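*Asks:* Kindly generate the corresponding structure for this input.
(chains A and B)
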Amino acid sequence: MSGLSIPQPGSSASSHRRGRARRQRNRAFSLQLTSMMDVLIIIVIFLLKSYGLSIMQVPQEDKMTLPVSKSTEVFGEGIILMIAKDQISVDAEPVVQFVGDWNEAKFELPEDAKANELGGRILPVYDVLKKKKEEFDALAARAPNPEEARKKWTGELLVQADKEVPYDVIRRVMFTAGLVGFKQFRLTVEKQAED
Amino acid sequence: MLRRPSKRRSGRRLEDIELPLIPIMDAFVTLIAFLLLATSLLAVTLIDTPVPVVSNEPEEKMKEKPLALQLKIGKDELALSSAFNRIPVQKFPKVEKDYDLVKLHEALVQIRLQFPLDKSIVFMPEAEVKYDELVKLMDASRLLLKTDPPLPNYVDKEGVDRVEQFVFPNVVFGNVISGN
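*Replies:* Numbering: from 1, shown residues only, chains lettered A, B, ... in the order given. Below is the predicted model of the structure:
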């Protein structure tokens, strides 16, 4: 038989020709990397802008919403006292549970937690903070120069509170911490976006 | 057609040069993963407030009595006064369930201009006042806005002349013990 033979679909001649066409198409195809690079650079710039330089870790609590502030002070370090909708905790350890359902956010302290005295300190919080202070004092006593080590006590307490917390609870916390020997409260708030 | 050798070279180079973008992309993808891990999406900041202390030291003899500015924060209004009656009492009723922060701020700026050396304000909130409202009041009392008149410069501990950036930077809670 002479002349051109028409290859059947699926035959080797047909696939050979298709392969050649594919190779040609492959050669013409190239990824548009420049535009992808543009996107990546924008993402990197955005991430660099919001990159946290602080090494301090802020514990998050789902039952707590921080109030928003325009303050610009940077974050510090210290003992963290958290007042969430359901409990008060110190350094992420629960200390007192509020009475009732946390959804109602009443922030009501149990009667046996409140001291019967002027100021009304919160007894479990007082005990935990006092223990922390004593631990620091014990460590300072073991230092080569105890007097110098004791001076490193900054007396700073980082207070993270839900925005709905009434002043009465905050006042009691401040009073309790003041009795232990804390001199400065650092109220932790969410930074408001700049206009 | 004959071309100059320099032109021949440059033409060929333009066709041949291809930037090796793939390793650069690799580096960027690694960088993005690292930055995503280290990015803080919630910006947290601090407001400092010292513990109020009762001094046992004898009262310092001063030429004139201090301002001792007090802000009583009630459920329905704010009352600004001086413990030694250096200023007339000013009251700011709530506007649509919110404290009138604008008027309070304006009044505080005027007081600071009148008493440039006084930097403290004592808050006396009622027990029911919410923390969120306290933070807003602290912002209104502390931060100097761009639209405010400039406050006189101050000299810091090192003797350097500084531009004042706060209205009343020291906010102290005065009724921590008594609660009223």
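*Asks:* Every contact and neighbour count from this point should use C-alpha atoms.
*Replies:* Will do.
*Asks:* What is the subsequent helix or strand relative to the lowest-mean-pLDDT helix or strand in chain A?
*Replies:* Ranked by mean pLDDT, DSSP states H and E, the weakest helix or strand in chain A is helix A:12-28, scoring a mean of 53. Once the chain leaves helix A:12-28, the next helix or strand it forms, by DSSP states H and E, is helix A:33-49.
*Asks:* Give me the mean pLDDT for that following helix.
*Replies:* In this model, helix A:33-49 has a mean pLDDT of 87.
*Asks:* Just the buried positions in it, please.
*Replies:* By 16 or more other Cα atoms under 10 Å in any protein chain shown, the buried positions in helix A:33-49 come out as A:37, A:40, A:41, A:43, A:44, A:47, A:48.
*Asks:* Name the helix or strand of chain B that has the lowest mean pLDDT.
*Replies:* Using mean pLDDT, DSSP H and E, helix B:5-16 stands out as the lowest-scoring helix or strand of chain B, at a mean of 57.
*Asks:* distance between the helix or strand just after it and the chain's centre?
*Replies:* Sequence-wise, the next helix or strand downstream of helix B:5-16 (DSSP H and E) is helix B:21-38. Distance, stretch centre to chain centre, for helix B:21-38: 35 Å (Cα atoms, centre = their mean, to the nearest Å).
*Asks:* same thing with stretch B:140-147?
*Replies:* Using Cα atoms, centre = their mean, the offset of stretch B:140-147 from its chain centre is 8 Å.
*Asks:* next one: stretch B:112-124
*Replies:* 16 Å.
*Asks:* close to chain A, is it?
*Replies:* No: Stretch B:112-124 lies apart from chain A when judged by Cα under 8 Å from any Cα of the partner chain; the minimum separation is 10.0 Å.
*Asks:* What residues does the residue nearest to the spatial centre of chain B make contact with?
*Replies:* Centroid check for chain B by Cα atoms, centre = their mean gives residue B:143 as the closest residue, at 4.8 Å. Residues near residue B:143 by Cα atoms under 8 Å, 6 or more residues apart in numbering or on different chains: A:70, A:71, B:165, B:166, B:167, B:168, B:169.
*Asks:* Same list, these, but as TSV with pLDDT and secondary structure please.
*Replies:* Below are these laid out as TSV (pLDDT from 0 to 100; DSSP: H, G, I helix; E, B strand; the rest coil):
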residue	pLDDT	secondary structure
A:70	84	coil
A:71	81	coil
B:165	86	coil
B:166	90	strand
B:167	92	coil
B:168	93	coil
B:169	90	coil
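*Asks:* Report the two of the residues you listed separated the most.
*Replies:* Using Cα to Cα, the contacts of residue B:143 span at most 14.6 Å, a distance reached by A:70 and B:168.
*Asks:* tell me what the longest helix seen in chain A is packed against?
*Replies:* What stands out as the longest helix in chain A, according to DSSP state H, is helix A:123-142. Packing partners of helix A:123-142 (3 or more Cα pairs under 8 Å, 6 or more residues apart in numbering or on different chains; DSSP states H and E): strand A:87-90, strand A:93-97, helix A:146-150, helix A:167-180.
*Asks:* for the second one, packing partners?
*Replies:* When contacts are defined as 3+ Cα pairs under 8 Å, 6+ apart, strand A:93-97 sits against strand A:87-90, helix A:123-142.
*Asks:* again, only using 10 Å
*Replies:* Applying 3 or more Cα pairs under 10 Å, 6 or more residues apart in numbering or on different chains; DSSP states H and E, we find strand A:93-97 packed against strand A:79-83, strand A:87-90, helix A:123-142.
*Asks:* who's more crowded, residue A:70 and residue B:168?
*Replies:* Shown here are residue A:70 and residue B:168; by other Cα atoms under 10 Å in any protein chain shown, residue B:168 has more neighbours (25 against 21).
*Asks:* mind checking how far that one is from chain A?
*Replies:* Going from residue B:168 to chain A by Cα to the nearest Cα, to the nearest Å gives 13 Å.
*Asks:* tell me the contacts of that residue?
*Replies:* Counting by Cα atoms under 10 Å, 6 or more residues apart in numbering or on different chains, residue B:168 makes contact with B:69, B:108-109, B:111-112, B:116, B:118-122, B:138-144.
*Asks:* can you rerun that using 6 Å?
*Replies:* Under the criterion of Cα atoms under 6 Å, 6 or more residues apart in numbering or on different chains, the contact list for residue B:168 reads B:119, B:120, B:141, B:142.
*Asks:* For stretch A:39-46, list the C-alpha coordinates in PDB.
*Replies:* Listed next in PDB are the C-alpha coordinates belonging to stretch A:39-46 (Å, rounded to 0.1, in the frame of the first residue of the first chain):
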ATOM      1  CA  VAL A  39       2.700  39.400  45.600                       C
ATOM      2  CA  LEU A  40       5.200  37.700  47.900                       C
ATOM      3  CA  ILE A  41       7.100  41.000  48.500                       C
ATOM      4  CA  ILE A  42       3.800  42.700  49.500                       C
ATOM      5  CA  ILE A  43       3.000  39.900  51.900                       C
ATOM      6  CA  VAL A  44       6.500  40.000  53.400                       C
ATOM      7  CA  ILE A  45       6.300  43.800  53.900                       C
ATOM      8  CA  PHE A  46       2.900  43.500  55.500                       C
END
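*Asks:* what's the spacing between it and its chain's center?
*Replies:* Distance, centroid of stretch A:39-46 to centroid of chain: 24 Å (Cα atoms, centre = their mean).
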